[in-house]
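K.L.:
what would the 3D arrangement of this be:
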Amino acid sequence: MKVAFIFLHPFSESMGSVVRVRELSLSLGKLGVEVFIFTPFERSFDLSANVHVVSVGNFFGFSRGFYKLSRFFYYNRMFPTLFSKGGLRSRRVLSGFLRKVAKFLSESGVDVVQVEQDVALPVGVFLKKVTGLPLVVDLHNLSSEELVAAGILERDSGGFLDLQCRTAEFLDGADRVVVVSELMKSYVVGNYGLSRACVVVVPPGGRVLVDEGIVKMRVKPFKVVYAGLVAYREHVDLFVRSMPFVKGFGDGKVQFFITNKGEALKEIKRLAGRLGVCPRFFWFDDYGMVNGFLSKCHVGVLPSSNDLARRMGTPVKLFSYLSVGLPVVANDIGGWTGIIKEEHVGIVTSDDPKEFGEALMDVLSDSKAMQSYVTNCLELIKKKYNWDESARVLLGIYRGLTGKG
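P.N.:
Purely as a prediction, here's the structure:
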């Protein structure tokens, strides 16, 4: 079985999306699937014996600068028009380089094409038309709802409705639609007219990366970390506003860490300055180094804005925390925050900074509860939310579409 992923992001951006693509590919590779990840932003290299990153930069001529420009157009009222009438759907763009991609797919004997995120839907529909290969769409979230959450579009506006109609049209051209949560499945079925049988939940997951005995040896000072992009939707300001309430805990030696990347970073740094708190800003390009750092921390925080896009899009970083036995503190937005409560892997609070800070202190001050959270985190990754299980669901989809065992 050979599968081609179409991934229109650099590996150093959009961390949750990158982790999902990489980890699902590696798990599929372990199951004997040969995976080709087509991207215009990377050189060609192998992630494993069965997982190949294929550069299409010569065809696209894209650069990191182009990616930033594309992000500008994404977070812009022009996006629905570009998505529906031009951009990647334009034959002027497609007929040159995408036909070369299609040729590679045919010559390589690829069995299934999978596009990542709805922005790549026009590419996938084109490739299906040219090659006749089955098309799977993996929706990490939905652009229409993300643009509403960002204040770019108003719900039920002309731009929003046009984007919804065009998305429905493209999704109708797919053979299977993969989503990350049951809430997103209900949305896709209800808003785009797809049958429930066509939409399959493939949740994010993790891999157990630490031994429970090593977790017990975590040393003070306490380290509390936010390890996602600092973006408008992540509500990192809630974490920063909670810091003054925690500042004196543990003889004032609690250390706070925030990722040094994201479009809201300057705003967060200014807020920290005004509040007189000093979080440490960090960044590791190497995925292994990120996990190594997280394994030395004591609590992972997961603040989030409360909107439909955030509720549907289960964050990969939740499972990154769980993979290293890191208890989680988050504000309750519904959807995926139910996992934290139901599986007893941390504490869910209101949107109040004082309550958020008190939850952090509750976890740090109770060693018995801390150990219980750690155990539950690792067990949840072992038994329920892991990439190998998610990859098996994907493989079942591929087999159903191709008839190959």
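
K.L.:
which residues are in contact with stretch 371-386?
P.N.:
203-208, 210, 212, 215-216, 319, 321-323, 325-328, 339, 343-346, 363 (C-beta atoms under 8 Å, 6 or more residues apart in numbering). In short, each C-beta sits where N, CA and C put it, glycine included.

K.L.:
switch to 6 Å and redo it
P.N.:
For stretch 371-386, the external contacting residues (C-beta atoms under 6 Å, 6 or more residues apart in numbering) are 205-206, 208, 215, 319, 322-323, 325, 327, 343-346.

K.L.:
greatest separation within those residues: which pair is it?
P.N.:
Taking C-beta to C-beta as the measure, the contacts of stretch 371-386 span a maximum distance of 19.2 Å, between Gly205 and Val215.

K.L.:
follow-up on the earlier one: output the contacts of stretch 371-386 as CSV; include the columns pLDDT, neighbour count and secondary structure.
P.N.:
Output for these, formatted as CSV (pLDDT from 0 to 100; neighbours: other C-beta atoms under 10 Å; DSSP: H, G, I helix; E, B strand; the rest coil):
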residue, pLDDT, neighbour count, secondary structure
Gly205, 96, 24, coil
Gly206, 96, 25, strand
Val208, 95, 17, coil
Val215, 75, 20, helix
Phe319, 96, 25, helix
Leu322, 97, 32, helix
Ser323, 96, 24, helix
Gly325, 95, 28, coil
Pro327, 97, 28, coil
Glu343, 97, 17, coil
His344, 97, 15, coil
Val345, 97, 26, coil
Gly346, 97, 27, strand
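
K.L.:
show me which of those residues is closest to Arg392.
P.N.:
Gly205 (10.9 Å).

K.L.:
and that closest one, what is it in contact with?
P.N.:
Counted by C-beta under 6 Å, 6+ apart, Gly205 has contacts 319, 385-387, 390.

K.L.:
enumerate every residue touching the closest residue to Trp336 other than its chain neighbours.
P.N.:
Nearest residue to Trp336 in three dimensions, chain neighbours excluded: Thr314, at 4.2 Å (C-beta to C-beta, 6 or more residues apart in numbering). If a contact means C-beta under 6 Å, 6+ apart, then Thr314 has 180-181, 204, 336 as its contacts.

K.L.:
rerun that using 10 Å as the cut-off
P.N.:
Thr314 sits next to 16, 140-141, 179-184, 201, 203-204, 335-337, 339, 385 when contact means C-beta atoms under 10 Å, 6 or more residues apart in numbering.

K.L.:
among those residues, which lie within strands?
P.N.:
Secondary structure defined by DSSP state E assigns 179, 201 of the contacts of Thr314 to strands.

K.L.:
make a PyMOL selection of the buried ones in the contacts of Thr314.
P.N.:
Selection of buried members from the contacts of Thr314 for PyMOL, criterion 16 or more other C-beta atoms under 10 Å:
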select buried, resi 16+140+141+179+180+181+183+184+203+204+335+336+337+339+385
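
K.L.:
could you list which of the contacts of Thr314 belong to helices?
P.N.:
Counting by DSSP state H, the members of the contacts of Thr314 that fall within helices are 16, 182-184, 337, 339.

K.L.:
can you name the two of those that are farthest apart?
P.N.:
Maximum pairwise distance in these, criterion C-beta to C-beta, is 18.3 Å, between Gly16 and Glu182.

K.L.:
phi, psi of the closest residue to Gly334 other than its chain neighbours?
P.N.:
Computed as C-beta to C-beta, 6+ apart, the closest residue to Gly334 that is not its neighbour in sequence is Arg311, at 5.2 Å. Torsion angles at Arg311 (phi, psi; degrees, to the nearest 10) stand at phi -70, psi -40.

K.L.:
show the contacting residues for Arg311.
P.N.:
Contacts of Arg311 by C-beta under 10 Å, 6+ apart are 145, 181, 183-184, 187, 304-305, 333-338.

K.L.:
same thing but 7 Å
P.N.:
Residues in contact with Arg311, defined by C-beta atoms under 7 Å, 6 or more residues apart in numbering, are 183, 333-335.

K.L.:
could you do Ser143 as well?
P.N.:
With contact taken as C-beta under 7 Å, 6+ apart, Ser143 is in contact with 118-119, 163.

K.L.:
which secondary structure state is assigned to the residue lying closest to Asn260 once chain neighbours are set aside?
P.N.:
In space, Asn260 comes closest to Phe281 once its chain neighbours are excluded; the distance is 3.8 Å by C-beta to C-beta, 6+ apart. Recorded secondary structure, Phe281: strand (DSSP: H, G, I helix; E, B strand; the rest coil).
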